[in-house]
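S.K.: coords please:
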Amino acid sequence: MVELTLTNVKPTPIVLSNLSLEILGAHGTWWPLTNLPTRLPIWQTDRIKSPTSISLTTLPEGFILDKIGNAELPSQRVVRGWLLCQVPQEFTPLRDFMSTQLRLRVRDTAGDEVVKVLDMTASDPKGNLLYTVMSVRPVYNEDLRKYKIIPYGAD
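M.R.: Predicted coordinates:
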């Protein structure tokens, strides 16, 4: 998950046709990440601290794809939100995990494209990367029936 801030720096309104992330893998290969659907709730669990509970995740800024889809962005308009992606199963990571890099690719309907490597170590001074979570390790074939659901806001 990456929280992004996008600004239309063109003097005219634009409509975005593509917004995607890529991750740098072994041998200098950039792998495209798959944008995941954001219309359903996101559930999370902390298997170390509380392995028997699941909680609903609420992202304060919402999802950026929901905000920019089929919408005209006026000049100087700022849009902020989360992008939820999945790393391809065949992805081969770098040996040094701390060297992981993400690259943002944005294209508008006029065909103009911007590609920018995101700063993963600190907040980007231009405000394009606010927070990045790269430490999620998926657990396959987990039986969710053994968990207790905790509604949002309940502790």
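
S.K.: which stretches in the protein count as strands?
M.R.: Counting by DSSP state E, one finds strands in the chain at the ranges 2-7, 14-24, 30-32, 34-35, 42-46, 50-57, 72-73, 78-83, 85-86, 102-108, 113-118, 129-132, 148-150.

S.K.: in a markdown table, list the ones you listed along with distance to Leu65 and mean neighbour count.
M.R.: (C-beta placed from N, C-alpha, C; glycine too.) Formatted as a markdown table, those follow (distance: least, C-beta to C-beta, whole Å; neighbours: other C-beta atoms under 10 Å):
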| stretch | distance to Leu65 | mean neighbour count |
| --- | --- | --- |
| strand 2-7 | 10 | 19 |
| strand 14-24 | 7 | 17 |
| strand 30-32 | 15 | 16 |
| strand 34-35 | 6 | 14 |
| strand 42-46 | 14 | 13 |
| strand 50-57 | 16 | 13 |
| strand 72-73 | 13 | 16 |
| strand 78-83 | 7 | 18 |
| strand 85-86 | 10 | 14 |
| strand 102-108 | 12 | 18 |
| strand 113-118 | 17 | 12 |
| strand 129-132 | 16 | 15 |
| strand 148-150 | 27 | 12 |
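
S.K.: mean pLDDT for those strands: which is lowest?
M.R.: Among the strands of the chain, strand 129-132 carries the lowest mean pLDDT, at a mean of 36.

S.K.: what is the burial count for the closest residue to Cys85 other than its chain neighbours?
M.R.: Leaving aside its chain neighbours, Cys85 sits nearest to Leu33 (3.8 Å; criterion: C-beta to C-beta, 6 or more residues apart in numbering). For Leu33, the tally of surrounding residues (other C-beta atoms under 10 Å) stands at 19.

S.K.: what distance do you get for Leu33 to Gly111?
M.R.: 22 Å (C-beta to C-beta, to the nearest Å).

S.K.: please apply the same query to Asn70.
M.R.: Counting by C-beta to C-beta, the gap from Asn70 to Gly111 is 18 Å.

S.K.: pretty sure the residue nearest to Cys85 sits against Leu19.
M.R.: No. Counting by C-beta atoms under 8 Å, Leu19 is not a contact partner of Leu33; they are 11.2 Å apart.

S.K.: shared neighbours, the two?
M.R.: Shared contacts of Leu33 and Leu19 (C-beta atoms under 8 Å, 6 or more residues apart in numbering): none.
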